[in-house]
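Novice: What would the 3D arrangement of this be:
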Amino acid sequence: MTKQDLVGVVASAAGVTKKTAGVASDAVLDAIVKSLKKGKNVTVTGFGTFRVSKRAARTGVNPRNPSEKIKIPAMKIPAFKAGKSFKDAVR
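Specialist: Down below sits the predicted model:
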């Protein structure tokens with residue numbers, strides 16, 4: 001399912017236009033991104049939790065030259081943990 005498919009489903013379920021549903025879904029996604037940028041978790045009850053995970057610095061291998069080692073810096077990455085009802089629905 002693409003973003004446009006999702007917008008279409010939201011529009012028909014809510015009885016609004018696709019443009020309005022697109023604006024609403026963009027607002028939700030932007031709010032999640034802004035909260036994660038601030039380091040805050042976003043919990044959607046019954047769906048799951050978005051959080052920022054920290055990945056430590058490590059040494060890797062250059063794929064073009066496997067004998068060469070490269071340093072991969074520490075970074076923050078987004079993570080998602082599905083909620084119980086979401087897991088149960090998929091199972």
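Novice: which strand residues sit across from Thr43 in the sheet?
Specialist: Thr49 (DSSP bridges).
Novice: I'd guessed it sits against Thr49; true?
Specialist: Yes: using Cβ atoms under 8 Å, Thr43 is in contact with Thr49, at 4.7 Å. Every C-beta, even on glycine, is put in place using the N, C-alpha and C of the backbone.
Novice: Give me the phi and psi for the residue of the chain positioned farthest from its centre.
Specialist: Most distant residue from the mean C-alpha position of the chain: Ser67, 34.6 Å away (Cα atoms, centre = their mean). Phi and psi for Ser67, reported as degrees, to the nearest 10, are phi -80, psi -10.
Novice: Over to Thr45?
Specialist: According to degrees, to the nearest 10, Thr45 has phi -60, psi 130.
Novice: quick one, what contacts the closest residue to it other than its chain neighbours?
Specialist: Distance criterion Cβ to Cβ, 6 or more residues apart in numbering; nearest residue to Thr45, sequence neighbours excluded, is Gly83 at 7.2 Å. Listed by Cβ atoms under 8 Å, 6 or more residues apart in numbering, the contact set of Gly83 reads 44-49.
Novice: And Gly8, by the same measure?
Specialist: With contact taken as Cβ under 8 Å, 6+ apart, Gly8 is in contact with 18, 21.
Novice: How about the secondary structure of it?
Specialist: Look at Gly8: counting by DSSP: H, G, I helix; E, B strand; the rest coil, its state is helix.
Novice: one step back: pull up the gap between the residue nearest to Thr45 and Ala74, please.
Specialist: Between Gly83 and Ala74 the distance, using Cβ to Cβ, to the nearest Å, works out to 29 Å.
Novice: Could you pull out the helices in this protein for me?
Specialist: Assignment of helices within the chain using DSSP state H yields the ranges 3-14, 18-37, 84-90.
Novice: right, and these - which one's nearest Pro78?
Specialist: helix 18-37 (5.9 Å; Cβ to Cβ).
Novice: Which positions within that closest one qualify as buried?
Specialist: Neighbour-count burial for helix 18-37, with 16 or more other Cβ atoms under 10 Å as criterion, is recorded at 21-22, 36.
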